[in-house]
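Asker: Got a predicted structure here, sequence first:
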Amino acid sequence: MFGIISKTLYKGVQLIPTYPDVRLRKTINLSIEHLKVNNSLLIFPEDSSEGYLEHIDSFHSGIVYLAKTYYKKTREQIPLIPLYYHKTKQQIITGKTIFLSDFPEDMKRDEIAEELRVSLNELAF
């Protein structure tokens, strides 16, 4: 029953599901199609296996993979804008816009994800 409801919900609000397996390619392609028509994406790259924490311990690097893949296909960089919801203050805090070009070309995906995680945590404290 939940599967039917969640599928309808995802379609209705245009949620793009993510998976840690071969279906990730479909997620990336669908995300790129949305970006090509100037839709914004709200991505939650934090590892939520222990719940959503005030201090984010780790990021998945899929957001970096998406940005790199989009650049390879379009030769355009997408802006990465960190947002942090501060529960106590009931505020959304916006960080400075980040582009892949802000990082060394030889920097690995997980290293960039770590830099993004650190910059996001800095917004909280």
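Answerer: Looks like it arrived, so ask away. Numbers count the residues shown, from 1 in each chain.

Asker: okay, CA-based contacts and neighbour counts for the rest of this
Answerer: Will do.

Asker: Helices of the chain, residue ranges please.
Answerer: Counting by DSSP state H, the segments of the chain that form helices are 2-12, 24-36, 62-74, 109-124.

Asker: how about JSON lines for these, with distance to residue 92, mean neighbour count and mean pLDDT added?
Answerer: Shown next, in JSON lines, are the helices of the chain (distance: least, C-alpha to C-alpha, whole Å; neighbours: other C-alpha atoms under 10 Å; pLDDT from 0 to 100):
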{"stretch": "helix 2-12", "distance to residue 92": "24", "mean neighbour count": "10", "mean pLDDT": "52"}
{"stretch": "helix 24-36", "distance to residue 92": "23", "mean neighbour count": "16", "mean pLDDT": "90"}
{"stretch": "helix 62-74", "distance to residue 92": "20", "mean neighbour count": "16", "mean pLDDT": "94"}
{"stretch": "helix 109-124", "distance to residue 92": "10", "mean neighbour count": "17", "mean pLDDT": "92"}
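
Asker: so who does the closest residue to residue 60 other than its chain neighbours touch?
Answerer: Of all residues not flanking residue 60 in the chain, residue 45 sits nearest, at 5.3 Å (C-alpha to C-alpha, 6 or more residues apart in numbering). Shown in contact with residue 45 (C-alpha atoms under 8 Å, 6 or more residues apart in numbering): 59, 60, 61, 62, 63.
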